[in-house]
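**Student:** Turn this into a model:
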Amino acid sequence: MNETNHPGPSRRALLGSSLAAGGLGLAGCANLSPAPATAPHQTILRPGATVLFQGDSITDAGRSRERAGEANVQAALGGGYAWLAAAGLLVRPGGADLRIFNRGISGHKVFQLAERWQRDCLDLAPDLLSVLIGVNDIWHTKSGGYDGTVEVYERDYSALLARTRDALPDVRLVVCEPFVLRCGAVDETWFPEFDAYRAAARRVAGAHGAVFVPFQAMFDRAVAFAPPEHWAKDGVHPSAQGASLMAQTWLDAVRGA
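**Tutor:** The predicted structure follows:
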């Protein structure tokens, strides 16, 4: 996009000069992070609190299964937004006492989270649970291998969080908005159905008092400054630049943690 045709602050002013991983550093991506969709949450984590990231391949990001039980280890947290967000938490005051884990599994949908929830969530007793799920719930219907609907997604997601609240009444919940970029595997046949999944995730967050992380709004802003492929080549899995934006947006949404 030509800066002269873009209203408001210039691209340089918005993005800053900090570059990392061939794209935006955290200093620049902070300016692309939208304001939280809800009032600021003071998510205070006690010393020694446990943080758990859950979801599909976007959260998994190549994490080591062999080292999954080790807290705060990059190999166990993967190479994506979960690791970058975890690093942001660990450098905050008191962060060294946190225990942060990743249990994302590539390809999973909501019902598959439910099948492993006792082992991969409740047994870990997280103080803060962050979930990003939804893209496979629509993507896998396109190959004919899954017949779920947005109604099933919302029902199962809500039941999963209710189950979590019942077992862990004091857990702080974070629901991340499923997102796609219009490139790679994502074409116009995804819409408007995909937008219904995003809306369902937002309703689930509201119903269960969760912080909502608006990843789609973030990427919708980002494509004004670099093409969709820059952020997620296949339209689904973020690049290093995309993961950096996600981590900063996540930290902004749960600021105070």
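**Student:** Strands of the stretch 151-257 of the chain, start to end?
**Tutor:** In the stretch 151-257 of the chain, the segments counted as strands under DSSP state E, counting those that start in this stretch are 172-176, 211-213.
**Student:** which helices and strands does the first one pack with?
**Tutor:** Packing contacts for strand 172-176, counted by 3 or more CB pairs under 8 Å, 6 or more residues apart in numbering; DSSP states H and E, involve strand 128-132, helix 150-167, helix 193-207, strand 211-213, helix 240-253. All C-beta spots, glycine's among them, are computed from the backbone N, C-alpha and C.
**Student:** buried stuff in the last one?
**Tutor:** Across helix 240-253, burial judged by 16 or more other CB atoms under 10 Å covers 241-253.
**Student:** Between the residues you listed, which sits nearest residue 211?
**Tutor:** Closest approach to residue 211 among the buried residues of helix 240-253 (CB to CB): residue 253, at 5.4 Å.
**Student:** doesn't residue 215 make contact with that closest one?
**Tutor:** No - counting by CB atoms under 8 Å, residue 253 sits too far from residue 215 to count as a contact (9.5 Å).
**Student:** quick one on the thing from earlier: put together CSV for the helices and strands packed on strand 172-176, with mean pLDDT and distance to residue 57 on each row.
**Tutor:** Formatted as CSV, the helices and strands packed on strand 172-176 follow (pLDDT from 0 to 100; distance: least, CB to CB, whole Å):
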stretch, mean pLDDT, distance to residue 57
strand 128-132, 98, 10
helix 150-167, 98, 17
helix 193-207, 97, 16
strand 211-213, 97, 17
helix 240-253, 97, 12
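**Student:** Including distance to residue 173, could these go into JSON lines?
**Tutor:** Formatted as JSON lines, the helices and strands packed on strand 172-176 follow (distance: least, CB to CB, whole Å):
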{"stretch": "strand 128-132", "distance to residue 173": "6"}
{"stretch": "helix 150-167", "distance to residue 173": "6"}
{"stretch": "helix 193-207", "distance to residue 173": "8"}
{"stretch": "strand 211-213", "distance to residue 173": "7"}
{"stretch": "helix 240-253", "distance to residue 173": "12"}
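**Student:** Between these, which one is closest to residue 142.
**Tutor:** Of the helices and strands packed on strand 172-176, nearest to residue 142 by CB to CB is helix 193-207, at 9.9 Å.
**Student:** could you give the angle of the closest one to strand 128-132?
**Tutor:** Interaxial angle, helix 193-207 versus strand 128-132 (axes from the mean of the first three to the mean of the last three CA atoms, to 10 degrees): 170 degrees.
**Student:** now for helix 193-207, which elements pack on it?
**Tutor:** Using 3+ CB pairs under 8 Å, 6+ apart, the elements in contact with helix 193-207 are helix 135-142, helix 150-167, strand 172-176, strand 211-213.
**Student:** buried ones in it?
**Tutor:** Applying a neighbour-count criterion of 16+ other CB under 10 Å, one finds 194, 196, 197, 198, 200, 201, 202, 204, 205 buried in helix 193-207.
**Student:** if I pick the first one, what's in contact with it?
**Tutor:** If I follow you right, that is residue 194. Residues counted as contacts of residue 194 (CB atoms under 8 Å, 6 or more residues apart in numbering) are 138, 178, 180.
**Student:** least trustworthy position among those residues, going by pLDDT?
**Tutor:** Least confident by pLDDT among the contacts of residue 194: that is residue 138, with 92.
**Student:** how much space between that residue and residue 200?
**Tutor:** Distance from residue 138 to residue 200, counting by CB to CB, to the nearest Å: 11 Å.
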